[in-house]
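Novice: mind looking at a prediction? Sequence and model below.
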Amino acid sequence: MNLIKKLLLISTALLLVVFCFPGLSYAKDEGDRAKLQDRLNKAGTILNQLTAAPDKGIPQEILAHAECVGVIPSLMKAGFGFGGEYGQGVVTCRTAHGWSAPAFYRLGGGSFGLQIGGEAVDLIMLFMNDKGVHSLLAHKIKIGVDASASAGPVGRTAAADTNIALQTEILTYSRSRGIFAGISLKGAWIEQNGGDTRTFYGRDINFRTILGGTVRPPAGSEGFLSAVRKDFGEAKASR
(Lines give C-alpha, C1' and ligand atoms only; values in the text may rest on other atoms or scores of the structure.)
Protein backbone atom coordinates (compact mmCIF):
# COMPACT_ATOMS: atom_id res chain seq x y z
CA MET A 1 0.00 0.00 0.00
CA ASN A 2 2.84 2.38 0.84
CA LEU A 3 4.37 1.75 -2.58
CA ILE A 4 1.07 2.54 -4.29
CA LYS A 5 0.73 5.77 -2.33
CA LYS A 6 4.26 6.81 -3.29
CA LEU A 7 3.56 6.15 -6.98
CA LEU A 8 0.35 8.18 -6.78
CA LEU A 9 2.18 11.08 -5.13
CA ILE A 10 4.88 11.03 -7.83
CA SER A 11 2.29 10.91 -10.61
CA THR A 12 0.38 13.79 -9.06
CA ALA A 13 3.54 15.88 -8.75
CA LEU A 14 4.43 15.28 -12.40
CA LEU A 15 0.95 16.31 -13.52
CA LEU A 16 1.19 19.49 -11.45
CA VAL A 17 4.48 20.37 -13.16
CA VAL A 18 2.97 19.83 -16.61
CA PHE A 19 -0.20 21.83 -15.94
CA CYS A 20 1.20 24.55 -13.73
CA PHE A 21 4.39 25.23 -15.67
CA PRO A 22 3.60 24.63 -19.36
CA GLY A 23 6.02 27.39 -20.30
CA LEU A 24 8.96 25.20 -19.31
CA SER A 25 8.28 22.84 -22.22
CA TYR A 26 7.66 25.74 -24.59
CA ALA A 27 10.93 27.42 -23.60
CA LYS A 28 12.84 24.20 -24.26
CA ASP A 29 11.23 23.85 -27.70
CA GLU A 30 12.08 27.44 -28.53
CA GLY A 31 15.67 26.93 -27.40
CA ASP A 32 16.04 23.79 -29.48
CA ARG A 33 14.66 25.52 -32.55
CA ALA A 34 17.05 28.43 -32.02
CA LYS A 35 19.95 25.97 -32.14
CA LEU A 36 18.67 24.58 -35.43
CA GLN A 37 18.27 28.10 -36.78
CA ASP A 38 21.89 28.77 -35.84
CA ARG A 39 22.94 25.62 -37.69
CA LEU A 40 21.09 26.77 -40.80
CA ASN A 41 22.70 30.21 -40.60
CA LYS A 42 26.18 28.72 -40.27
CA ALA A 43 25.53 26.38 -43.20
CA GLY A 44 24.50 29.36 -45.33
CA THR A 45 27.63 31.26 -44.32
CA ILE A 46 29.84 28.32 -45.33
CA LEU A 47 28.20 28.16 -48.77
CA ASN A 48 28.48 31.94 -49.21
CA GLN A 49 32.22 31.61 -48.67
CA LEU A 50 32.49 29.21 -51.62
CA THR A 51 32.89 32.23 -53.86
CA ALA A 52 35.54 33.89 -51.69
CA ALA A 53 38.37 31.91 -53.32
CA PRO A 54 37.18 30.94 -56.82
CA ASP A 55 40.49 29.30 -57.76
CA LYS A 56 40.35 27.01 -54.73
CA GLY A 57 36.66 26.21 -54.55
CA ILE A 58 34.39 23.52 -55.96
CA PRO A 59 34.42 23.32 -59.80
CA GLN A 60 31.52 25.17 -61.42
CA GLU A 61 30.44 22.13 -63.43
CA ILE A 62 30.00 20.12 -60.26
CA LEU A 63 28.02 22.90 -58.60
CA ALA A 64 25.68 22.99 -61.60
CA HIS A 65 25.05 19.21 -61.55
CA ALA A 66 24.63 18.58 -57.83
CA GLU A 67 21.18 17.13 -57.07
CA CYS A 68 21.28 17.71 -53.30
CA VAL A 69 23.50 19.84 -51.08
CA GLY A 70 24.26 18.94 -47.47
CA VAL A 71 26.31 21.04 -45.04
CA ILE A 72 27.60 20.04 -41.61
CA PRO A 73 29.08 23.00 -39.71
CA SER A 74 31.90 21.98 -37.37
CA LEU A 75 32.21 18.26 -37.99
CA MET A 76 34.25 16.96 -35.06
CA LYS A 77 37.24 14.77 -35.84
CA ALA A 78 39.22 13.39 -32.93
CA GLY A 79 41.36 10.46 -32.06
CA PHE A 80 44.16 8.87 -30.09
CA GLY A 81 44.97 5.73 -32.04
CA PHE A 82 41.28 5.53 -32.98
CA GLY A 83 39.74 8.30 -35.05
CA GLY A 84 36.11 9.22 -35.37
CA GLU A 85 33.72 11.79 -36.76
CA TYR A 86 30.36 13.14 -35.67
CA GLY A 87 28.36 16.05 -36.94
CA GLN A 88 24.86 17.35 -37.51
CA GLY A 89 23.82 19.14 -40.67
CA VAL A 90 21.13 20.30 -43.03
CA VAL A 91 20.35 19.29 -46.62
CA THR A 92 18.21 20.50 -49.54
CA CYS A 93 17.51 18.99 -52.99
CA ARG A 94 16.72 20.36 -56.43
CA THR A 95 13.15 19.95 -57.64
CA ALA A 96 11.28 21.12 -60.71
CA HIS A 97 9.97 24.00 -58.57
CA GLY A 98 13.23 25.12 -56.96
CA TRP A 99 15.31 23.98 -54.03
CA SER A 100 13.35 22.05 -51.41
CA ALA A 101 12.81 23.05 -47.81
CA PRO A 102 15.73 21.99 -45.60
CA ALA A 103 15.83 18.68 -43.74
CA PHE A 104 18.18 17.72 -40.94
CA TYR A 105 20.60 14.80 -40.88
CA ARG A 106 23.65 13.57 -39.00
CA LEU A 107 26.90 11.79 -39.79
CA GLY A 108 29.03 9.54 -37.65
CA GLY A 109 31.71 6.91 -38.00
CA GLY A 110 35.23 5.95 -37.14
CA SER A 111 38.48 4.83 -38.67
CA PHE A 112 41.58 3.24 -37.24
CA GLY A 113 44.79 5.11 -37.78
CA LEU A 114 47.68 6.89 -36.12
CA GLN A 115 45.74 9.97 -35.12
CA ILE A 116 46.52 12.19 -32.17
CA GLY A 117 44.62 15.38 -31.41
CA GLY A 118 41.36 16.70 -32.78
CA GLU A 119 39.92 19.35 -35.03
CA ALA A 120 36.59 20.65 -36.25
CA VAL A 121 36.03 21.10 -39.97
CA ASP A 122 33.06 22.24 -42.02
CA LEU A 123 31.77 19.51 -44.31
CA ILE A 124 29.91 19.80 -47.62
CA MET A 125 28.29 16.73 -49.17
CA LEU A 126 27.05 16.83 -52.76
CA PHE A 127 24.67 14.12 -53.94
CA MET A 128 25.35 14.00 -57.67
CA ASN A 129 22.81 11.65 -59.25
CA ASP A 130 19.56 9.75 -58.69
CA LYS A 131 21.32 6.89 -56.91
CA GLY A 132 22.96 9.36 -54.55
CA VAL A 133 19.61 11.00 -53.85
CA HIS A 134 17.97 7.63 -53.19
CA SER A 135 20.72 6.81 -50.70
CA LEU A 136 20.03 10.08 -48.91
CA LEU A 137 16.35 9.19 -48.63
CA ALA A 138 17.15 5.86 -46.98
CA HIS A 139 16.85 5.99 -43.20
CA LYS A 140 20.51 5.17 -42.62
CA ILE A 141 23.36 4.26 -44.97
CA LYS A 142 27.03 3.41 -44.67
CA ILE A 143 29.31 5.25 -47.06
CA GLY A 144 31.34 2.89 -49.19
CA VAL A 145 28.82 0.08 -48.67
CA ASP A 146 25.36 1.43 -49.44
CA ALA A 147 26.57 4.41 -51.47
CA SER A 148 29.87 5.33 -53.10
CA ALA A 149 31.58 8.54 -52.06
CA SER A 150 34.87 10.20 -52.88
CA ALA A 151 36.79 13.37 -52.15
CA GLY A 152 35.69 15.98 -54.67
CA PRO A 153 38.03 17.82 -57.03
CA VAL A 154 38.97 21.40 -56.12
CA GLY A 155 39.33 24.47 -58.34
CA ARG A 156 36.48 26.29 -60.05
CA THR A 157 38.01 25.75 -63.50
CA ALA A 158 39.49 22.32 -62.82
CA ALA A 159 38.96 19.87 -65.68
CA ALA A 160 40.92 16.88 -64.40
CA ASP A 161 38.73 14.23 -62.77
CA THR A 162 35.60 16.35 -63.16
CA ASN A 163 33.92 13.95 -65.60
CA ILE A 164 34.67 11.03 -63.29
CA ALA A 165 33.43 13.01 -60.29
CA LEU A 166 30.09 13.66 -61.99
CA GLN A 167 29.49 9.89 -62.04
CA THR A 168 30.13 9.51 -58.31
CA GLU A 169 27.10 9.25 -56.05
CA ILE A 170 28.42 11.51 -53.27
CA LEU A 171 31.25 14.05 -53.41
CA THR A 172 32.64 15.30 -50.12
CA TYR A 173 34.53 18.48 -49.28
CA SER A 174 35.96 19.87 -46.07
CA ARG A 175 36.71 23.46 -45.17
CA SER A 176 39.27 24.44 -42.59
CA ARG A 177 40.63 27.96 -42.14
CA GLY A 178 38.78 29.08 -45.26
CA ILE A 179 40.38 26.48 -47.55
CA PHE A 180 38.25 23.87 -49.33
CA ALA A 181 39.64 20.40 -49.96
CA GLY A 182 38.29 16.98 -50.81
CA ILE A 183 37.84 14.60 -47.88
CA SER A 184 37.21 10.87 -47.68
CA LEU A 185 34.42 9.62 -45.41
CA LYS A 186 34.60 5.93 -46.24
CA GLY A 187 33.17 3.88 -43.41
CA ALA A 188 31.10 6.72 -41.98
CA TRP A 189 27.32 6.56 -41.85
CA ILE A 190 24.64 9.18 -42.48
CA GLU A 191 21.05 9.11 -41.30
CA GLN A 192 17.97 11.27 -41.15
CA ASN A 193 17.54 13.28 -37.96
CA GLY A 194 13.84 12.96 -37.32
CA GLY A 195 14.01 14.69 -33.94
CA ASP A 196 15.58 17.88 -35.28
CA THR A 197 13.26 17.89 -38.28
CA ARG A 198 10.24 17.56 -35.97
CA THR A 199 11.51 20.38 -33.75
CA PHE A 200 12.03 22.74 -36.69
CA TYR A 201 8.73 21.99 -38.43
CA GLY A 202 6.61 21.41 -35.34
CA ARG A 203 5.45 18.00 -36.58
CA ASP A 204 6.74 14.74 -38.04
CA ILE A 205 7.51 14.95 -41.77
CA ASN A 206 9.56 12.34 -43.59
CA PHE A 207 12.61 13.16 -45.69
CA ARG A 208 11.04 12.18 -49.00
CA THR A 209 8.19 14.65 -48.49
CA ILE A 210 10.45 17.55 -47.46
CA LEU A 211 13.16 17.01 -50.07
CA GLY A 212 10.59 16.32 -52.79
CA GLY A 213 9.62 19.99 -52.73
CA THR A 214 6.01 19.72 -51.54
CA VAL A 215 6.66 21.35 -48.14
CA ARG A 216 6.87 25.13 -47.85
CA PRO A 217 10.22 26.23 -46.35
CA PRO A 218 9.60 27.45 -42.77
CA ALA A 219 10.60 30.88 -41.55
CA GLY A 220 14.33 30.98 -41.01
CA SER A 221 15.19 28.86 -44.07
CA GLU A 222 15.75 31.64 -46.59
CA GLY A 223 19.34 32.50 -45.68
CA PHE A 224 20.49 28.94 -46.25
CA LEU A 225 18.40 28.43 -49.41
CA SER A 226 19.49 31.72 -50.97
CA ALA A 227 23.13 30.71 -50.45
CA VAL A 228 22.41 27.41 -52.23
CA ARG A 229 20.70 29.17 -55.14
CA LYS A 230 23.57 31.61 -55.50
CA ASP A 231 26.23 28.94 -55.95
CA PHE A 232 24.31 25.97 -57.32
CA GLY A 233 21.75 27.69 -59.55
CA GLU A 234 17.99 27.30 -59.65
CA ALA A 235 15.67 24.39 -60.31
CA LYS A 236 16.17 21.83 -63.04
CA ALA A 237 13.67 21.26 -65.82
CA SER A 238 12.46 17.87 -64.61
CA ARG A 239 12.91 15.53 -61.64
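Specialist: Yep, it's here.
Novice: model confidence over stretch 104-114, on average?
Specialist: For stretch 104-114, the mean pLDDT works out to 70.
Novice: where in the protein is pLDDT low?
Specialist: Across the chain, residues meeting the criterion (pLDDT under 70) sit at 1-30, 51-56, 76-85, 110-119, 156-166, 177-180, 235-239.
Novice: now with 50?
Specialist: The chain contains residues with pLDDT under 50 at 7-9, 11-27, 80-82, 112-116, 160, 237-239.
Novice: residue boundaries of the strands in it?
Specialist: For the chain, the strands defined by DSSP state E cover 68-95, 98-99, 103-127, 140-142, 149-151, 170-176, 179-182, 189-192.
Novice: which of the ones you listed sits closest to Leu50?
Specialist: strand 179-182 (7.3 Å; Cβ to Cβ). Glycine gets a C-beta too; all of them are placed from N, C-alpha and C.
Novice: OK, contacts around the closest residue to Thr197 other than its chain neighbours?
Specialist: The shortest distance from Thr197 to any non-neighbouring residue, by Cβ to Cβ, 6 or more residues apart in numbering, is to Phe104 (4.9 Å). Phe104 makes contact with Leu36, Arg39, Gln88, Gly89, Val90, Val91, Gln192, Asn193, Asp196, Thr197, Phe200 under the criterion Cβ atoms under 8 Å, 6 or more residues apart in numbering.
Novice: Phe104 and Phe224, how far apart?
Specialist: 11 Å (Cβ to Cβ, to the nearest Å).
Novice: what do these two both touch?
Specialist: Residues touching both Phe104 and Phe224 by Cβ under 8 Å, 6+ apart: Val90.
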